[in-house]
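*Asks:* Generate coordinates for the sequence data below:
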Amino acid sequence: MERYFWHLSGPQTDGLACVVCSANFLLKRIASVAVGRSPADESQVFACKEPCAERIAEDAERMAREMRTATGTGAVGVPQGDDSPFGVDGPFGSLLRDLRTLAGTEALLTTSEDIPTIRFLLSLTARHAEAAMRLARVVLAQTPEGGE
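*Replies:* Reported below is the predicted structural model:
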């Protein structure tokens, strides 16, 4: 599953600068690795191989651990494989993409003052909120009770 990075500069969106430290890959000749996508155009974005990409991986693991702790769930009992409702290509993956879009629109709504932009973001929010609600119900119906 791809991670999306918001509020990127032009060089960061174009993959020419690190999304963490903004180091210019062309000027400094730093090794870089793909770490996610820009929500604007789905283009790949990059981070310095060391230490920025490692920091991103550590942050992702920390957030996953915190979410498992907060929800009282763990990796045990989560179905895996083709019959899993948690595959990234099925309804669960679509749900996560809708939720990322909602998080992004929330961030943009808090900073926008342009009425046409606000109206567009609100219509985007409504569309993705409805889709997320529908997909959450589908995934919930496919999820076995009690982690079986």
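*Asks:* ok, residues contacting the helix or strand bottoming out on mean pLDDT in the chain?
*Replies:* Here the helix or strand of the chain ranked lowest by mean pLDDT, DSSP states H and E is helix 52-71, holding a mean of 80. Outside helix 52-71, the residues that touch it by Cβ atoms under 8 Å, 6 or more residues apart in numbering are 3, 18, 19, 20, 21, 23, 32, 33, 35, 47, 74, 75. To be clear about C-beta, it is placed using only N, CA and C from the backbone, and glycine gets the same treatment.
*Asks:* go again using 6 Å as the cut-off
*Replies:* Residues from elsewhere that reach helix 52-71 (Cβ atoms under 6 Å, 6 or more residues apart in numbering): 18, 20, 21, 33, 35, 47, 74.
*Asks:* Check which residues of the helix or strand following that helix are buried.
*Replies:* Where DSSP states H and E defines the elements, the next helix or strand beyond helix 52-71 is helix 91-111. Judged by neighbour count using 16 or more other Cβ atoms under 10 Å, the buried positions of helix 91-111 are 91-102, 104-105, 108.
*Asks:* From the centre of the protein, point out the most distant residue.
*Replies:* residue 27 (28.9 Å; Cα atoms, centre = their mean).
*Asks:* Make sure that residue is indeed in a helix.
*Replies:* Yes: under DSSP: H, G, I helix; E, B strand; the rest coil, residue 27 falls within a helix.
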